Structure formats: structure tokens, C-alpha cells
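Asker: curious how this folds, go ahead:
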Amino acid sequence: MKTYAEMSYQPLALNDAKTIDFDASTSPVARFPDGLGVYAPFSLDQQSTATTLRVRTWFSSSWLPLATVLKPYVMFLDADKRVVSNVESFESTDGSTFVKGHYRQTYFIVPSSARFFILYSASSESDRMILTAQTGKRWAIPNAYSGTVEVKHEVAHQ
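Answerer: Numbering: from 1, shown residues only. Predicted coordinates for the structure are as follows:
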């Protein structure tokens, strides 16, 4: 398994969005504080203003009893690829797109010293996202290692 320093980071420019289709059988895996997870590493340009990462994750099915979700966490690294902060929480809000359907999204504040970040999956043992169906019934959606996640680097809204 690769260390954070050995990973190959792809650039994510300000106002750029990247979609990652994680696949449990083909995506790279590493050990994170939460446990094993699939991951996608990115590099960031230095910014003179505060920025955030908007992260969206889509459900595998619109039928909640069958749905799984890749719950994304973010680890920020400095120029030497040392951990600056590790956010193992996904306090999210609902949204949907016509093509891809229902998603949850949240914003992660980019630390000023961060030059890299790793988007990775919560382990299957982590707390599940709770969704409320239109009927009012609540579902705990299982965490998966496959799923679609989009990350966008943007200027923080003041």
C-alpha cells in the first residue's frame, strides 16, 4: 500500500470540478485513520483567499432499502505531504441533478497550508448516513467502497 508521499496527485484548479467513479475492485486502496478506503489524491495551487471543497456523493439506488453510498472523507496535506487536518465527518445537505439523481453534499474548508488533499471512503464500519424517505421512514444507508463522488474547489462564501 502506498504512503501519502508515494501517491500520484492530480491537479484540481480553482473553480474546477472532478468526478471520481470509485470501484471497490479496481480503485486504489490505502489505510486511513478510519480504516481501509479507496481514494483519489489531488494537488492544490496556493490561494490568496479562503477556499473550500464542495463534495457531492450519489446513492447507488433511488430505492432506499437497496441503496448504498460512498461516504467521502477528506485529508489535507502540506507541501511536504504531512497531514494538516483529517475530516472524518460528512455533515451533508440534500440535492439532486436530473441526470445523476439524488446526492448529499458538504463543504470542507481548505486549510491555508494545504497543498494536497486525499478524498477517501469511510470504512464500512463507520456511522451510516441517515436518510428520511417521503413516507417519513428513516433509513441508515450502508457505506460502500464503490460510488460516484464529485469534488469542486471554490472560493469560500463569506
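Asker: residue most distant from the centroid, this structure?
Answerer: Distance from the centre of the chain peaks at Thr135, with 28.4 Å (Cα atoms, centre = their mean).
Asker: surely that one is in a strand?
Answerer: No: using DSSP: H, G, I helix; E, B strand; the rest coil, the assignment for Thr135 is coil, not a strand.
Asker: what helices and strands are in contact with the lowest-mean-pLDDT helix or strand in the chain?
Answerer: Sorting the helices and strands of the chain by mean pLDDT, DSSP states H and E puts strand 93-97 at the bottom, at a mean of 79. Using 3 or more Cβ pairs under 8 Å, 6 or more residues apart in numbering; DSSP states H and E, the elements in contact with strand 93-97 are strand 101-109. The C-beta positions use only the backbone N, C-alpha and C, and glycine is treated the same way.
Asker: now what about the strand it packs on, what contacts it?
Answerer: Strand 101-109 has contacts (Cβ atoms under 8 Å, 6 or more residues apart in numbering) with 50, 52-59, 62, 69, 74, 87, 90-97, 129, 156.
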